[in-house]
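**Q** model the structure of this input:
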Amino acid sequence: MEDDDETTVTSKESLHMTTISRHSFSITDQTEKALTIQIIENMKEDYGLFVWPCSIALAEYVWQQRLRFAGTSVVELGAGTSLPGLVAAKVGAEVTLTDSSNRVEVLKNMRRMCDLNKVNCKVLGLTWGEWDASIFDLHPNIVLGADVLYDSSDFDDLFATVTFLLQNSPGSVFVTTYHNRSGHHLIEYLMVKWGLRCTRLLDAFSFLPSSKASNLSGNIQLVEMILDLK
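**A** Below you'll find the predicted structure:
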């Protein structure tokens, strides 16, 4: 991808090799890198320890919308390697990174990456569909989710959590990127079921820089949704 690279290092806590990938973001028409995020990845450990294409697309969108994100409260669901959330933190958002409470190694890796990138994000174990006390303290302006629409068995728990967060913070929005494997009708069905409304739908390749887009494949969509109060 555009100006990203990987460096292989040995993890102190694992017998496997770990990579640190660098993801750079630039201002349009300028070749100079404006921001670089370092991500600790380990494909052999957990799919939450690898940067997936939807995460790259959502992170680029956050960067391009950085003035909108500055000064906001952001929660990233199913954050994994947390690239979009880390970009949001770098551009001035107050960010809470979340992943399933039982994915201890993923949560540990999030904290490592916050230190590595010198950002002060809150890291929280949050399992979709479960109502621990911590979720009631979240009042995000923007909820992020990259490739969270992956396992259909999780969809209702995910949308229950999203709907709760949007209700808990009036005027908030959910922004997600996903591989459009079966058509947008599935998203439409879930939005209707959970009382949400689409406010923006984009093909990710319409806003990705060409050099990043050339390294990604599939039909990646970005959708923004809000509570349907009609």
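**Q** how much space between the spatially closest residue to residue 49 that is not a sequence neighbour and residue 148?
**A** Using Cβ to Cβ, 6 or more residues apart in numbering and skipping the chain neighbours, the partner closest in space to residue 49 is residue 42 (4.6 Å). For glycine as for every other residue, the C-beta is placed from the backbone atoms N, C-alpha and C. Between residue 42 and residue 148 the computed distance is 20 Å (Cβ to Cβ, to the nearest Å).
**Q** more crowded one of the two?
**A** Per other Cβ atoms under 10 Å, whichever of residue 42 and residue 148 has more neighbours is residue 148, with 24 against 19.
**Q** these two touch, right, the more buried one and residue 178?
**A** Yes. Residue 148 lies in contact with residue 178 (Cβ atoms under 8 Å); the separation is 7.4 Å.
**Q** SS state for the nearest residue to residue 102 once chain neighbours are set aside?
**A** In this structure, residue 102 finds its nearest non-sequential neighbour in residue 127, 7.1 Å apart by Cβ to Cβ, 6+ apart. What DSSP: H, G, I helix; E, B strand; the rest coil gives for residue 127 is coil.
**Q** for residue 127, which residues are in contact?
**A** Contacts were defined as Cβ atoms under 8 Å, 6 or more residues apart in numbering; by that measure residue 127 touches 100, 101, 102, 157.
**Q** out of the residues you listed, which are inside helices?
**A** Counted as lying in helices by DSSP state H, out of the contacts of residue 127, are residue 157.
**Q** ok, and the closest non-adjacent residue to residue 77?
**A** Closest residue to residue 77 apart from its sequence neighbours, by Cβ to Cβ, 6+ apart: residue 145 at 4.5 Å.
**Q** look up phi and psi at the one you found.
**A** phi -160, psi 120 (degrees, to the nearest 10).
**Q** would you map the strands across the chain?
**A** Taking DSSP state E, the strands of the chain run over residues 5-10, 17-26, 33-41, 73-77, 94-99, 122-125, 142-146, 173-179, 196-203, 220-227.
**Q** what's the most buried one of those?
**A** strand 142-146 (a mean of 27; mean count of other Cβ atoms under 10 Å).
**Q** list the strands paired with it, with their directions.
**A** Here strand 142-146 is paired, per DSSP bridges, with strand 73-77 (parallel), strand 173-179 (parallel).
**Q** list the contacts of it.
**A** If you take Cβ under 8 Å, 6+ apart as the criterion, strand 142-146 is touched by 52, 54-55, 57-59, 62, 69, 72-80, 83-85, 88, 93, 158, 162, 165-166, 172-177.
**Q** cool, stretch 212-227 as well?
**A** 1-2, 53-54, 56-58, 60-61, 163, 166-167, 171-181, 184, 187, 191, 195-205, 207-208.
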